[in-house]
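**Student:** Return atomic coordinates for the entry below.
(one chain, ligands or ions: 1)
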Amino acid sequence: MTPSQDIWDVVVIGGGAAGLMAAISAREEGARVLLLEKNSVPGKKLLLTGHGRCNLTNIRIPGNYLEAYHENARFLSSAIRKFAPEDVRTFFQDLGVKTHEEDDGRIFPDSGKAETVLQALLQKYADMGGKRNDSQPVGNLCYREETGLWDVRIFVEDHEERPILYHARSVILATGGKSYLPREDGKKAGDAYRIAEELGHSIVPLRPALAPILLSAMSSTRHTEAEGRNDGKTGTESTGEDVERTLAGVTLPDVGTTLLLDGKKTASARGDLLFTHQGISGPAAMQLSRYLPPEEGKYAPGHVTICIDLLPDQKTEEIGKALLSAMNRRPNMSIRNILFHEFLHLQKAALLVWKEKDKPANAVTKAERNGITERLKALTLQVEKCTPLSMAYVTRGGVELKDIDPKTMESKIRPGLFFAGEIMDIDGISGGYNLQNAWSTGYVAGKSAAKRSAGEGAEDDSAENDKRAE
Ligand SMILES: Cc1cc2nc3c(=O)[nH]c(=O)nc-3n(C[C@H](O)[C@H](O)[C@H](O)COP(=O)(O)OP(=O)(O)OC[C@H]3O[C@@H](n4cnc5c(N)ncnc54)[C@H](O)[C@@H]3O)c2cc1C
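**Tutor:** Next up, the predicted model:
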């Protein structure tokens, strides 16, 4: 039978984490499922996750999901209850993928390889008799009243060519976000946001989330004239001194970060921070990126700044006292070395706080000492511009959630159309939260779509499921 004559209960569009989970979950309900992937192989992004180790989920969910998924967290509550992190672990355990917990509740496969996770999903789906067609970029979706079916049309560049068409009772759009796309994705249309828009859905503007932050020529606070002032204040102007080349590759473990817009605290985070050639990365930086103003071009000086708290567990007064005591005990030691030995334990972090290599403690003035204490708690860096979407790990924005039923992931505008994963306007913090979004919404969308196609209605209001999760 040619594809055009074939009718599928559920067609899943997109073979990423959400699509694969949706396809398996629909198949579990006995639906005839077809998974369409635009690339030559599915799961390319999944292979990149967790630096190739795949941070599958986070065991702190659902306890912290309200903070972890920001303003749209409530939308996820039902899906996370139905398929929680523990369910994800059991699911993969049953597929032979054992997992373990690392710091901050992050869950990884014991194999240390994302490949294991992807292969387990593909094998499971194949073992269930699920059908998959790769290199199938879906370009258009259309519901036909006369047949009661969805036409799923594959995008073809050559208009002379006869388009490939599939028919489905229900369709799941699981095409992911628009950030960090592999090169192969570049040319082929498959812009699923446009497909959703054509079907009446609104798209919340796409912005970077979990992206590195681009800094103006790395500028630690100036500790020159300002410290010489007798008002005791310290300055925050750029020294103009380029230290990024020295710092690139340096990780500051467990620091606090705060994003300030025109001096107003807008967001804060805590975790490891990595210096790169262009700025800062790592969880403590990337988590702030979703709040960067989406302005074109460079930000005006002082408009967007990031403060790093190098000693987040200590109060300023305590640090001031400890610094004075250390300087008294080691009067001839350079202040940079005191910072290294007593506070930061990283030579390059000490360089950020104090640039004059050889100045001994007994030559440091009170104003300079206060400046050092201040910089240990609030090292100010100037953000250059908004990070481009292509550099972000996750996309903020997407299909507006008010038009999607959170219990089933079904469109409220187009019955029979479902969504799963990052295509929706939901993003989580770093640590396995974005994959959990894909697993939970994929699971629910697959079950609901299968039930709808079987004529049971999409509403999955299984009292048992809800009770178990409460
Ligand atoms: C470098 C990196 C590391 C990350 N690490 C982690 C981590 O460790 N833990 C974590 O929780 N999150 C991580 N994330 C985020 C996580 O990978 C995503 O949130 C998650 O993969 C989203 O899953 P998805 O299925 O919604 O989308 P995707 O994984 O993007 O899958 C969408 C699929 O749909 C296909 N597609 C798109 N359009 C069409 C079309 N028109 N027709 C057919 N197919 C189409 C795509 O080719 C793709 O295969 C990371 C992201 C990146 C970039």
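**Student:** which element follows the helix or strand where His100 lies toward the C-terminus?
**Tutor:** Here His100 sits within strand 99-101, counting by DSSP states H and E. Next in sequence after strand 99-101, counting helices and strands by DSSP H and E, comes strand 106-109.
**Student:** check whether that next one contacts the ligand.
**Tutor:** No: if you take Cβ under 6 Å from any ligand atom as the test, strand 106-109 misses the ligand, and the best it gets is 8.1 Å. Backbone N, C-alpha and C define where each C-beta goes, glycine included.
**Student:** Past that strand, which element shows up next along the chain?
**Tutor:** helix 114-127.
**Student:** Show me what counts as buried in that following helix.
**Tutor:** Ala114, Thr116, Val117, Leu118, Gln119, Ala120, Leu121, Leu122, Lys124, Tyr125 (16 or more other Cβ atoms under 10 Å).
**Student:** again with stretch 297-307
**Tutor:** Within stretch 297-307, the residues scored as buried using 16+ other Cβ under 10 Å are Tyr299, Val304, Thr305, Ile306, Cys307.
**Student:** cool, stretch 201-208 as well?
**Tutor:** For stretch 201-208, by 16+ other Cβ under 10 Å, it's His201, Val204, Leu206, Arg207, Pro208.
**Student:** In the residues you listed, find the pair that's most separated.
**Tutor:** By the measure Cβ to Cβ, His201 and Pro208 form the most distant pair in the buried residues of stretch 201-208, at 21.6 Å.
**Student:** so which of the buried residues of stretch 297-307 comes closest to the ligand?
**Tutor:** For the ligand, the nearest member of the buried residues of stretch 297-307 is Ile306. The distance, counting by Cβ to the nearest ligand atom, is 21.5 Å.
**Student:** From the ligand, how far off is Asp309?
**Tutor:** Applying Cβ to the nearest ligand atom, to the nearest Å, the value for Asp309 to the ligand is 25 Å.
**Student:** List the single closest residue to whichever residue of the stretch 351-470 of the chain sits closest to the ligand in space, sequence neighbours excluded.
**Tutor:** Proximity of the stretch 351-470 of the chain to the ligand (Cβ to the nearest ligand atom) peaks at Gly421, 2.3 Å away. In space, and not counting its chain neighbours, Gly421 is closest to Ala18: 2.7 Å by Cβ to Cβ, 6 or more residues apart in numbering.
**Student:** related to what we said a few turns ago, export the buried residues of helix 114-127 to CSV and tack on pLDDT and distance to the ligand?
**Tutor:** As requested, the buried residues of helix 114-127 are exported to CSV (pLDDT from 0 to 100; distance: Cβ to the nearest ligand atom, whole Å):
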residue, pLDDT, distance to the ligand
Ala114, 98, 8
Thr116, 98, 14
Val117, 98, 10
Leu118, 98, 10
Gln119, 98, 15
Ala120, 98, 15
Leu121, 98, 11
Leu122, 98, 12
Lys124, 98, 16
Tyr125, 98, 14
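**Student:** Rebuild the residues you listed as CSV, extending it with distance to Gly256.
**Tutor:** Below are these laid out as CSV (distance: Cβ to Cβ, whole Å):
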residue, distance to Gly256
Ala114, 30
Thr116, 35
Val117, 32
Leu118, 35
Gln119, 39
Ala120, 37
Leu121, 37
Leu122, 41
Lys124, 41
Tyr125, 43
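**Student:** Now for those residues: which two are most distant?
**Tutor:** Ala114 and Tyr125 (16.8 Å).
**Student:** ok, back up a step: give me the subset of the buried residues of stretch 297-307 lying in strands.
**Tutor:** Members of those lying in strands (criterion: DSSP state E): Val304, Thr305, Ile306, Cys307.
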